[in-house]
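Student: Compute the structure for the input listed below.
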Amino acid sequence: MVPADYQPFFTASVAASAGLIGLLFVSVSIAPERVFGPAAEATRQAQALSAFTALANIFFLSLTSLIPHVSFGIVVTIISIPALLQTLALLSGWSQWRAAHIVWRGLFLFLASATIYASELQLGIELWRAPSNSGLVTTLLFLILGAYAIGLGRAWELLGAPRSGLVSNLAALVGLRSAKARGHKPDGETAGGKKT
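Tutor: Below is the predicted model of the structure:
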């Protein structure tokens with residue numbers, strides 16, 4: 001069972017993650033063929049899967065933390081496994097990342113997600129062994145915040161929002177440098193080096 005000091009966070013997290021999952025379902029249901037249809041882009045499917053995985057992970061962790069007399073370490077361990085497996089399955093989209101010119105961004109988000117869920121798995125095992133260690137629960141809260149960032153970011157991309165954050169700019173810079181190093185012109189650049 002989670003110490004009482006953490007229950008307000010988990011209670012708010014249940015409500016927030018449930019609301020965000022509902023909004024994700026609504027956004028996908030407006031045009032489901034864009035995400036799950038036969039002509040759907042693999043990147044959209046990955047965005048939807050990644051957003052849902054993050055938000056569902058948060059929801060179930062937060063909800064089960066409120067159940068009295070349940071070993072929270074076992075719950076964290078069990079819930080982290082499908083999230084980690086779903087994230088590993090995203091690697092199957094590597095060729096689509098290359099085709100869409102989002103390899104660096106895809107790799108960064110994959111590594112961030114995998115790190116969060118692998119850390120959850122490790123924390124779950126440690127909480128299983130030492131259920132009264134409040135430092136482990138605090139660390140888990142920060143991982144949950146990271147999962148919120150991944151889930152919201154992927155949902156934002158799924159909606160078609162422009163990529164203009166720090167990660168996008170760094171990924172574009174790395175992609176631009178690697179394209180020039182290989183002797184290729186970045187998308188939209190003419191022979192004179194000007195953008196079209």
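
Student: Can you point out the buried residues in the helix or strand containing L123?
Tutor: Applying DSSP states H and E as the criterion places L123 in helix 103-129. For helix 103-129, burial by neighbour count (16 or more other Cβ atoms under 10 Å) applies to 103-106, 108-110, 112-114, 116-124, 126-128. C-beta coordinates here come from the backbone N, C-alpha and C atoms, glycine included.

Student: next SSE after it?
Tutor: For helix 103-129, the succeeding helix or strand toward the C-terminus, using DSSP H and E, is helix 134-158.

Student: what separates the closest residue to A42 other than its chain neighbours from G106, distance-wise?
Tutor: Distances taken as Cβ to Cβ, 6 or more residues apart in numbering place Q96 nearest to A42, at 3.7 Å, with adjacent residues excluded. Distance of Q96 to G106, given as Cβ to Cβ, to the nearest Å: 9 Å.

Student: who touches both of the two?
Tutor: 43, 46 (Cβ atoms under 8 Å, 6 or more residues apart in numbering).

Student: can you pull the pLDDT of the most centrally placed residue in the chain?
Tutor: In the chain, the residue lying closest to the centroid (Cα atoms, centre = their mean) is I150, at 3.5 Å. Note on I150: pLDDT of 92.

Student: now do K180
Tutor: On pLDDT, K180 comes in at 60.

Student: Next: the one 4 residues further on.
Tutor: The per-residue pLDDT reported for H184 equals 55.

Student: what does A4 give?
Tutor: Here, the pLDDT recorded for A4 equals 89.

Student: what residue ranges in this structure are flagged as low confidence?
Tutor: Where the chain drops to pLDDT under 70, the residues are 161-196.

Student: was I right about T139 contacting L123?
Tutor: Yes - using Cβ atoms under 8 Å, T139 is in contact with L123, at 6.1 Å.

Student: still on that earlier bit, show me what the helix holding L123 is packed against.
Tutor: Helix 103-129 sits against helix 42-65, helix 72-89, helix 94-99, helix 134-158, helix 166-181, with contacts defined as 3 or more Cβ pairs under 8 Å, 6 or more residues apart in numbering; DSSP states H and E.

Student: closest to L23 out of those helices?
Tutor: If you check each of these against L23 by Cβ to Cβ, helix 134-158 wins as the nearest, at 7.7 Å.

Student: Just the buried residues of that closest one, please?
Tutor: Neighbour-count burial for helix 134-158, counted by 16+ other Cβ under 10 Å, picks out 136-137, 139-140, 143-144, 146-148, 150-151, 153-155, 157-158.

Student: so how far is that helix from its chain's centroid?
Tutor: Mean-position distance between helix 134-158 and its chain equals 8 Å (Cα atoms, centre = their mean, to the nearest Å).

Student: repeat for stretch 96-108
Tutor: From the chain centre to the centre of stretch 96-108 is a distance of 15 Å (Cα atoms, centre = their mean).
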